[in-house]
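In: I'll drop the sequence and a predicted model, then ask my questions.
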Amino acid sequence: MTIRLRRLLTSEVLHGHTVLAGASGLSNAVRTVVAGTLPRDLADVAPASLVVFAGDGLRLEELDADLAIRFGVGARIAGILTRRPSAAVALSTLRLADKHAVPLIVVDSLDPTTAVTVLESEVRAPEVAGAHLVGSVVRAIGPHSDAADIVRTLGGILHLPVALLDGEGRPVEGDATVDWPGLIGATRMRLDADHPAPRNLGARDDNEVLLHPVVLPPSSRAGLWFATLVGPDMATAPESARDCLAIAALAFTAHVAGRSLARAQEGRERTLLLTEILETAPVPARDTVERAAVLGWRLSGWHTVVHLAVSTRGSGVRPVGAIGLLEAALTRAGRTVTLVDRPDGWMFWVTDDAPPDAAAVGELARSVRTAILDVASQGQLGSLCAGIGLAHSGTAGIGASLEESRRACMIARAREVDGAVELTDPGGLRRLLDAWYAYAPTQELAVEVLAPLRAVDPTGQLGRTLACYLDHESSLATTAAVLGIHRNTVLHRLSRIRTALGIDLSDPNDRLAAHLATRAGQLEIKEP
C-alpha cells in the first residue's frame, strides 16, 4: 500500500510541523525515508524519498537550500524535512519549492535518527500506523459515548469529515458541510436493506465515501450509517478509516442499547412506584415515601394530575423514547416533570402548598398544550391530547385527580383537535358527561346509531364532518374552515348525513342525540 506524504505528516514525531512551501507536493508518494548530510547528497537518493536533515546539515535560510531543492527535483524526492530555521527563509527559496512541488517541512525539535526510524517503519509497514490509529479510536470512544461525542472524536483522530447519516443519506450528526446525499446518490435507496454490509462508494477526484451500518437489535435493517470521506491526499488510509468506523458503530450500538435498557428499567420503576402510592394511600409505606423522594415526587400538598394520550385514531403504538420526547418538550414549555407510563398514555402531577387558582390552572393548561403541539410537530407521536384533573390534597388526592384527568383526556380526544387540553369541570356538568361516555352500553348504542354512516362512507369522512359541524355550533363557515373544504362541500355532506341517519339537524333533540352519539363513538375507553 502506497503511503502519501500528507498521511505521513500525521505521525507523532512530526507533531507541530509546518509546511513552509511546496504544499502542492504533499500528495507525493513516499517509498523510503533517509537521512541527509549535505545538500549535494540529494542527487544520489532514491526516487520518492523523504530526506531528513539534521539542524546543521541544511539551513533553509542560506543559499544551500536552493541547491538542495534543485538536486531533489532531479532525484524526484518526496520532500525535505529539517529543523525550523532561526531566520526568515528567502522568498526565492520558497517560490522555487512551490514551483517544483518539493515540500519543505520544518519542526521545532528534530532528532534525525528517531525521525528516520519511526517514519521508515510507517512507510514500510503502513498497517502498523493504521493499528496505532485504531488503538487511539478504541481508547477515545467508550460505550457511554453518544453520537455527537463519537462523531467529534472520530473526526478529530482521523482528520476526515465524519457524519452519522439516516436511511436517506441525510446527516443527523456531524459534518453537514459535505453533500452526503449527493455523494451517495442512488445508493441511498438501498441503505435500509436487510442485513446491510459496509460499503465503499466512488466519488469525485478519486475520493471514496466509506459507509458502515448501525444495526440496532432486534431489527436487521440499518436505520443509521457512519460515513466518512477519504481521498488519496488525505491523512488517513481508507483501510484504517474503515476499521475505525466499525469501532464507532459498535460503540454507538452499545450506547443506544444501554440507554434503552436504563430507560426501560427506570420506566418500570416509576410505574411500580405509582401503583404502590395509589394502592397504599392515604398512608404509604416508608420505603415508598423514600423512593418517591429520590425521584423528586411530592406526596403532601395539593396535587393536580395531567394525563396525556395519543389522540390520532387507530394509533395504539407508542415509540421507544416517547417519555423522553414528552419530558423534553414540557421542559422547553417551562415544566420540568417526571412522566409515568400508563396503559392509556402518560401522567404527571404538579403539587402546590394550597389549592391552585384558575390562573395557575390556566397557565398549566397552556404549557401542556405548547408541549404536546411541539412533540406532534416532530412527527414521532402523532396528534396528542391531554386532560387535567382537579387539585386534591394528600396521597389519596393523586388517585382522585388521576381519574379526573383520564376522563378529561377522554373528552379532549373526542374533540379531534390537535393539542386539545380539557380541564375538569369543578361544577360537575362535564363529569356528568364523562360518566355517560364511559358507560359501555352508551358506546355500543352510539356505534349502532352511526352504523348507517359507516355503511355509506367507510372512510369516516361523513362522521368527522358531522362531529365538526356539531362541535362548532352548526356553523357551516367554521366547519368548512376547520376541515379545509368549501362551504358547498359541507352542505353536500350534511345532506348525505341526513339521508343516511334519517334525522333533522334543525331539531334540538335530533341534534343533541347526534352530538352525543358522535362524541361517544369517537372514544375508545381503556381501563388503567
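Out: Done, it's in.

In: Could I get the contacting residues of the nearest residue to Leu390 once chain neighbours are set aside?
Out: Spatial nearest neighbour of Leu390, chain neighbours left out: Thr424 (5.0 Å); criterion: Cβ to Cβ, 6 or more residues apart in numbering. Where C-beta positions appear, they are placed from N, C-alpha and C, glycine not excepted. By Cβ atoms under 8 Å, 6 or more residues apart in numbering, Thr424 lies in contact with Gly387, Ile388, Gly389, Leu390, Glu404, Ser405, Arg407, Ala408, Arg430, Arg431.

In: can you check Asp66 too?
Out: Ser92, Thr93, Leu96.

In: What does it show for phi and psi?
Out: phi -60, psi -40 (degrees, to the nearest 10).

In: Can you give me the separation between it and Ala54?
Out: Separation of Asp66 from Ala54 (Cβ to Cβ, to the nearest Å): 19 Å.

In: sorry, back to before: which of the contacts of Asp66 has the largest number of neighbours?
Out: Using other Cβ atoms under 10 Å as the neighbour test, the contacts of Asp66 are led by Thr93, with 21 neighbours.

In: Return the residues in contact with that one.
Out: Thr93 neighbours (Cβ under 8 Å, 6+ apart): Ala21, Leu60, Ala65, Asp66, Ile69, Leu104.

In: do Ala65 as well
Out: By Cβ under 8 Å, 6+ apart, the residues touching Ala65 are Pro39, Leu58, Arg59, Val89, Ala90, Thr93, Leu104.

In: and if we set it to 7 Å?
Out: Leu58, Arg59, Thr93 (Cβ atoms under 7 Å, 6 or more residues apart in numbering).

In: Domain parsing of this structure, as residue ranges.
Out: What automatic domain parsing lists as the domains of the chain is 3-124, 127-256, 281-438, 441-522.

In: isn't Gly57 right next to Ala35, touching?
Out: No. Shown here, Gly57 and Ala35 do not form a contact pair, counting by Cβ atoms under 7 Å, at 8.3 Å.

In: all helices for the stretch 151-300 of the chain, in order.
Out: 180-184, 238-280, 286-295 (DSSP state H, counting those that start in this stretch).

In: quick one, what contacts Trp388?
Out: Careful, residue 388 is Ile and not Trp. Applying Cβ under 7 Å, 6+ apart, the residues contacting Ile388 are Thr304, Val306, Val361, Leu364, Ala365, Ser405, Ala408, Val421, Leu423, Thr424.

In: still on that earlier bit, how about the contacts of Thr424, which pair is most distant?
Out: Comparing all pairs in the contacts of Thr424 by Cβ to Cβ, the longest separation belongs to Ile388 and Arg431, at 13.3 Å.

In: Run a quick neighbour tally on Leu278.
Out: 16.

In: With Gly321 instead?
Out: Gly321, neighbours per other Cβ under 10 Å, totals 14.

In: again, but for Leu384
Out: By other Cβ under 10 Å, neighbour count at Leu384 equals 30.

In: So it sits against Ala322, correct?
Out: No. Under the criterion of Cβ under 7 Å, Leu384 makes no contact with Ala322, lying 10.0 Å away.

In: related to what we said a few turns ago, restricted to helices, list the contacts of Thr93.
Out: Ala65, Asp66, Ile69 (DSSP state H).

In: quick one: the second one from Lys99, how far?
Out: In other words, Asp66. For Asp66, the distance to Lys99 - Cβ to Cβ - is 11 Å.

In: Same question for Ala396.
Out: Taken as Cβ to Cβ, the span from Ala396 to Lys99 is 89 Å.

In: who's more crowded, these two?
Out: Set Ala396 next to Lys99 and count neighbours by other Cβ under 10 Å: Ala396 wins out with 16 against 13.

In: Surely that one touches Pro282?
Out: Yes. At 4.3 Å, Ala396 counts as touching Pro282 under the criterion of Cβ under 7 Å.
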